[in-house]
Structures are given as structure tokens and as C-alpha cells.
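Colleague: After the sequence you'll find the predicted model.
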Amino acid sequence: MTQPIPEGGERAADEVAAMLDRIARESTNTSAAPPQPANERPAAQGKALAANELIAITLRLIDSLRSSRDLSPERVGDAVGVELSERNGNTVAGPLTEGGTYFISSKALYRERPDKWTTSILLLPGGTDSNCTFPLETLRRHTATKGFRATENIRRRDGSERALYRLPTTAEDIEFVIEADVARATGSPPCIRELIIEANTEEDR
């Protein structure tokens, strides 16, 4: 069931804000991130996908999550039908048939946690801002059937909107967290610009 952020300084809102701030700090902290090559390898070329195909493989990836290893490049690649490997920087980019580009990646973002993988699915639609490749409602409904807890309408300090979907801890004490970057255009439903999936252990929570 969707749980909108309550008004005021309630504890739940503070916890969500703290979690998002932690992700932002760790992603930009040079001591936590691995050194980047001077000339970063371009993403490998992926096949053209229609929006409904991209949505289908994203939901298939979510359904495959059982352990933290399921976010490794090899497992992600198998789940979504693309090749993710070191030689392409663990990133694949391809055209959307409706216009625009998609990126799928699985990377270890934290130097001290080389076995902690973060999967990202980024959508860069073409045409007008009203074009929506991946409606938020589709993700909301699917994750609800899989037991994820939703926290939506989260406002970051930069004004952007996020939604979080958490799967209760697994037998390995892993909590899968899906963070959606949400875009809103006048007259259109909320739309996903990027999905970030992480497998959090107790020390991450």
C-alpha cells in the first residue's frame, strides 16, 4: 500500500530523507567511489527496444531478485537479455523505438564494497516532455504484487521527486530497494526517468 510522506517532521519522513542523503553522499564521495579512468569506455550498443519491451525486462529483473548476487553484471545481463561486461564498462545503451535512448548498467560504486552492485536503468526519451516511456503507476502496481512497501512523493533538497519501494528482508538479511526518479509533465501521469536498484545489508539500513 502506498504511504505518502506525512506533513511535518515525523520520524518516517526523516528516515527517508536521511537515506536519500546517504545515497547521494556516498555516490559523490571520492573516498567511497572507485577511481574513474581518464577515458571512460563508451557503453556497448544494445538492440532497439520499444517502451513496452523495456518495461517488461525491467519488471523481469525485479522478479528475479533473490540475493545480492542478482545485481551483479552477469545476473542483470542474463535477466534483461543484454551483455554486461568489464570491456563495455558494465553498461549497455540502445535506442527506444518511440524516440530516445535507454541505458542499463550494473556497477560497484563503493571502493570499500566491491561486491555491492548498483543497477541503474536510465531513460532519455526523445520528443516533447510529455512523452512517457515508463509510467510510475506500472512500477507501483507491479511492486505491490511482489510485497514491496512504497514511500512516494519524496522531495529532495534540489526539488526533484523520488519514490522508494522496499522489499522486506530476505533469508540472507538483504533488503532490496528500488529508487525511482520521477518526472511530471502537465497533463501527463508521473513518469520514471531512472530506476536505481540496490541490495542493502544491515549496515546499509
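Modeller: Structure's in. What do you need?
Colleague: how about the nearest residue to F134, chain neighbours excluded?
Modeller: I192 (4.2 Å; CB to CB, 6 or more residues apart in numbering). Every C-beta, even on glycine, is put in place using the N, C-alpha and C of the backbone.
Colleague: Same check on D173?
Modeller: Take D173 and drop its neighbours on the chain: the residue closest to it by CB to CB, 6+ apart is E202, 6.0 Å away.
Colleague: hang on, the one you found packs against E172?
Modeller: No: between E202 and E172 there is no contact, the gap being 10.8 Å when judged by CB atoms under 8 Å.
Colleague: Could you point out the helix or strand that follows whichever strand or helix holds R140?
Modeller: Counting by DSSP states H and E, the element that carries R140 is helix 136-145. Following helix 136-145 in sequence order, the next helix or strand is strand 149-155 (DSSP H and E).
Colleague: give me the number of residues near the spatially closest residue to N200 that is not a sequence neighbour?
Modeller: Ranked by CB to CB, 6+ apart and with sequence neighbours excluded, the top spatial neighbour of N200 is E175, at 4.7 Å. E175 sits with 17 neighbouring residues when counted by other CB atoms under 10 Å.
Colleague: And L139, by the same measure?
Modeller: Residue neighbour count, defined by other CB under 10 Å, stands at 24 for L139.
Colleague: How about the contacts made by it?
Modeller: Counting by CB atoms under 8 Å, 6 or more residues apart in numbering, L139 makes contact with L59, A163, Y165, I178, A180, I192, L195.
Colleague: what's the spacing between the fifth one and D115?
Modeller: Same thing as A180. In this structure, A180 and D115 are separated by 25 Å, where distance is defined by CB to CB, to the nearest Å.
Colleague: just the last one next, same as before
Modeller: Using CB to CB, we find L195 at a distance of 21 Å from D115.
Colleague: May I ask you to confirm that V76 is in contact with T119?
Modeller: Yes: taking contacts as CB under 8 Å, V76 lies within contact range of T119: 5.4 Å.
Colleague: Need the residues touching each of those two.
Modeller: Shared between the contact lists of V76 and T119 (criterion: CB under 8 Å, 6+ apart) are residues L61, I104, S106.
Colleague: Using the three-state scheme, assign the closest residue in space to K116 that isn't next to it in sequence.
Modeller: For K116, ignoring the flanking residues on the chain, the nearest one in space by CB to CB, 6+ apart is Y110 at 5.8 Å. Put simply, Y110 is coil when judged by DSSP: H, G, I helix; E, B strand; the rest coil.
Colleague: where does Y110 fall, phi/psi-wise?
Modeller: When read as degrees, to the nearest 10, the backbone of Y110 gives phi -120, psi 120.
Colleague: how many neighbours does it have?
Modeller: Using other CB under 10 Å, Y110 has 18 neighbouring residues.
Colleague: Number the residues from 745 up from this point.
Modeller: Renumbered: residue one is now 745, and that last one reads Y854.
Colleague: any idea how far L828 is from E938?
Modeller: Computed with CB to CB, the distance linking L828 and E938 is 17 Å.
Colleague: For those two, indicate the residue with more neighbours.
Modeller: Relative neighbour count places L828 above the other of L828 and E938, with 25 against 17, counting by other CB under 10 Å.
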